[in-house]
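In: sharing a model prediction with you, sequence too.
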Amino acid sequence: AGLSGACYALPALVAPGVLEPALWLTTAFLSCMADYVHISHDSAFHGLDRCWATLMLLRCSLLFGARLDPSFFLLALVPLGCFV
C-alpha cells in the first residue's frame, strides 16, 4: 500500500507550475500516511485521504471533460461507480 501511494507523486515530476505538483504531492503524502503509516489504527489521515481522493477525482474529471469529447464520460461510468 505504501508504494502505490508514493506513485501518486510521479505526476508531480512532469506537472507544470507550482500548484499542480503540490496537489499530486499532497495526494501521495495523504495516501502513504493513511495506507502505510497509520494502517493499523484509526487516524484522521484515513478521512483526509478519502476526501482528498474524491476532490482529485472530480478535479481530474473536470479537466479531462473540458478537453475530451463528452462520449468519453461513458467510459468512466463503471470505474466511477466503483469509486463511490
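Out: Arrived safely, thanks for sending.
In: run the chain-centre distance for stretch 64-76.
Out: Once both centres are worked out by Cα atoms, centre = their mean, to the nearest Å, stretch 64-76 turns out to sit 18 Å from its chain's centre.
In: start to end distance for that stretch?
Out: End-to-end distance for stretch 64-76: 11 Å, by Cα to Cα, to the nearest Å.
In: give me the mean pLDDT for it.
Out: The predicted model gives stretch 64-76 an average pLDDT of 80.
In: what do you get for stretch 18-35?
Out: Across stretch 18-35, pLDDT averages out at 95.
In: list the buried ones in that stretch?
Out: Under the neighbour-count criterion of 16 or more other Cβ atoms under 10 Å, stretch 18-35 has 21, 23-24, 26-35 buried. Every C-beta, even on glycine, is put in place using the N, C-alpha and C of the backbone.
In: residue ranges for the helices of the protein, please.
Out: Along the chain, the segments classed as helices by DSSP state H run 2-6, 19-32, 44-65, 72-83.
In: between the ones you listed, which one is nearest to Ala12?
Out: helix 19-32 (3.8 Å; Cβ to Cβ).
In: tell me the angle of the closest one relative to helix 44-65?
Out: 140 degrees (axes from the mean of the first three to the mean of the last three Cα atoms, to 10 degrees).
In: for helix 19-32, packing partners?
Out: When contacts are defined as 3 or more Cβ pairs under 8 Å, 6 or more residues apart in numbering; DSSP states H and E, helix 19-32 sits against helix 2-6, helix 44-65.
In: format these as TSV; extra columns: distance to Gly81 and mean neighbour count.
Out: Formatted as TSV, the helices and strands packed on helix 19-32 follow (distance: least, Cβ to Cβ, whole Å; neighbours: other Cβ atoms under 10 Å):
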stretch	distance to Gly81	mean neighbour count
helix 2-6	21	14
helix 44-65	12	14
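In: let me have the ones you listed in CSV, extended by distance to Ala15.
Out: As requested, these are exported to CSV (distance: least, Cβ to Cβ, whole Å):
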stretch, distance to Ala15
helix 2-6, 16
helix 44-65, 12
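In: who wins for proximity to Val78 among those helices?
Out: Short answer: helix 44-65, nearest of the helices and strands packed on helix 19-32 by Cβ to Cβ, at 13.9 Å.
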